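> sharing a model prediction with you, sequence too.
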Amino acid sequence: MPITDLVKKRIAQQHRLYLKICRTCGARNPQNAVKCRKCRGTNLRWKKRELGAK
């Protein structure tokens, strides 16, 4: 069921796509993270954000 409301769709995309992934343990972290919440490592990357149909 696709989201038709543009505001809700933008909020959902922010929560799903804009986060950081730890390169050491693979944990998901918030977008303002400096260290990993799980292993406390500082080697973080942005999640890849390619939008496309499945």
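Right, received. Where do you want to start?
> find the nearest non-adjacent residue to residue 12, please.
Distance criterion CB to CB, 6 or more residues apart in numbering; nearest residue to residue 12, sequence neighbours excluded, is residue 3 at 6.4 Å. Placement of C-beta: from N, CA and C, glycine included.
> helix, strand or coil for residue 21?
strand (DSSP: H, G, I helix; E, B strand; the rest coil).
> surely it and residue 43 touch.
No. In this structure, residue 21 is not within contact of residue 43 by CB atoms under 8 Å, at 10.0 Å.
> ok, the two, which is more surrounded?
Shown here are residue 21 and residue 43; by other CB atoms under 10 Å, residue 21 has more neighbours (16 against 12).
> look up which residues are beta-bridged to that one.
Beta bridges link residue 21 to residue 28, residue 45, judged by DSSP bridges.
> how much space between it and residue 1?
Per CB to CB, to the nearest Å, residue 21 is found 28 Å from residue 1.
> now swap in residue 48 and tell me
Distance, residue 48 to residue 1, using CB to CB: 25 Å.
> does residue 39 count as helix, strand or coil?
Criterion first, three-state DSSP; result for residue 39: coil.
> actually residue 33, not the one I typed
Three-state assignment for residue 33 (three-state DSSP): coil.
> what residue lies at the spatial centre of this protein?
Central residue of the chain (CA atoms, centre = their mean): residue 19, 2.5 Å from the mean position.
> next up, the contacts around that residue.
Neighbour list for residue 19: 28-31, 46-47 [criterion: CB atoms under 8 Å, 6 or more residues apart in numbering].
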